[in-house]
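> predicted structure and sequence below. I'll ask about it afterward.
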Amino acid sequence: MDKAFDFVRSMAGSGDPERARTVLPPARDRVQAAIDSAERIRDAIRGQGRFALVGDGFGRFPEIAAADPLRIAVDTGAGGICAYDARSRLAGGHRIRVEAVTGSVIVASVTAGSVSCTERFIDAVHALPSPRPAAHAALQVSPPTPGPSQLSVREAYFAKSRAVAAAEAVGRLSASAVTACPPGVPIVLPGEVITAQRVAFLALVAASPSGRVLGAAAADATSLRAVDE
């Protein structure tokens, strides 16, 4: 990339823009090559059969007129791997960074000039492993419904509290907001009753390859902060 930049800069500074136009491929050709590259990636993913392409279902929605041909939304959840885990593995093991990610979908963007990376991306996606079902279970379970609140957020937050084992916290009032990522929203708020369903969901997220639990007394959600009785 640095060499290409230096080359283009030397062309621009040479006082001969015509030479630069004749040496570099036309912009229209570079864009079309990128579109063709993106379509080859889609064809390869369809052919492999493990993952699904989100865009293939757009035809069911009349309000969707068209989709960006340079962006490839891959449903990695359909292939048994969390999209957050897939993103980490693509970046760490293959130096490939995707543009966006949700719990089960990664979005790759193909730009003009990256055509040579097509096969590398296809090979990397097909090499993604299928994690243990337990590690992937958090993606298949909806967040638990809110429990009853017995104190205001302020009252619970400033009340005397202590860290207790997650199993022992069931039935007690939470002294902190505990957020699970994914989905990235609080699962329990200060003053709410800590339920067994919430404890189970937090444990699933903490055990998933790229899940995180914030606000618990322990990062693995084995300990929660509860209001003193």
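Looks like it arrived, so ask away.
> so where's the chain uncertain?
Flagging of the chain using pLDDT under 70 yields the residue ranges 1-26, 113-116, 131-142, 209-210.
> quick one: the strands in it, in order.
Here the chain has its strands, by DSSP state E, at 52-53, 71-75, 100-101, 105-109, 161-165, 178-181, 185-188, 212-214, 223-227.
> name every strand pairing with the third one and say which way it goes.
I take that to be strand 100-101. Strand 100-101 sits in its sheet next to strand 105-109 (antiparallel), going by DSSP bridges.
> which residues are in contact with the strand it pairs with?
Residues from elsewhere that reach strand 105-109, judged by CB atoms under 8 Å, 6 or more residues apart in numbering: 41, 54, 70-77, 83, 86-87, 90, 96, 98-101, 121. C-beta here means a position set from N, CA and C on the backbone, and glycine is covered the same way.
> if we go to 7 Å?
With CB atoms under 7 Å, 6 or more residues apart in numbering as the test, strand 105-109 has contacts from 54, 70-76, 83, 86-87, 98-100, 121.
> can you say which of those residues are buried?
Buried subset of these (neighbour count, 16 or more other CB atoms under 10 Å): 54, 70, 72, 73, 74, 75, 76, 83, 86, 87, 98, 121.
> where's the third one relative to residue 55, distance?
Okay, so that is residue 72. Per CB to CB, to the nearest Å, residue 72 is found 8 Å from residue 55.
> and the residue nearest in space to the middle of the chain, bridged to which residues?
Compute the mean C-alpha point of the chain, and by CA atoms, centre = their mean the closest residue is residue 101, 3.2 Å away. For residue 101, the beta-bridge assignment (DSSP bridges) gives partners residue 106.
> next, please give the residue ranges for the helices of this protein.
Assigned by DSSP state H, the chain shows helices spanning 2-13, 17-23, 27-48, 83-94, 118-126, 133-136, 153-158, 166-169, 196-207.
> among those, which is the most enclosed?
helix 196-207 (a mean of 20; mean count of other CB atoms under 10 Å).
> which elements pack onto it?
strand 178-181, strand 185-188, strand 212-214 (3 or more CB pairs under 7 Å, 6 or more residues apart in numbering; DSSP states H and E).
> got the buried residues for the second one?
Pointing back at strand 185-188 there. In terms of neighbour count (16+ other CB under 10 Å), strand 185-188 has its buried residues at 186, 187, 188.
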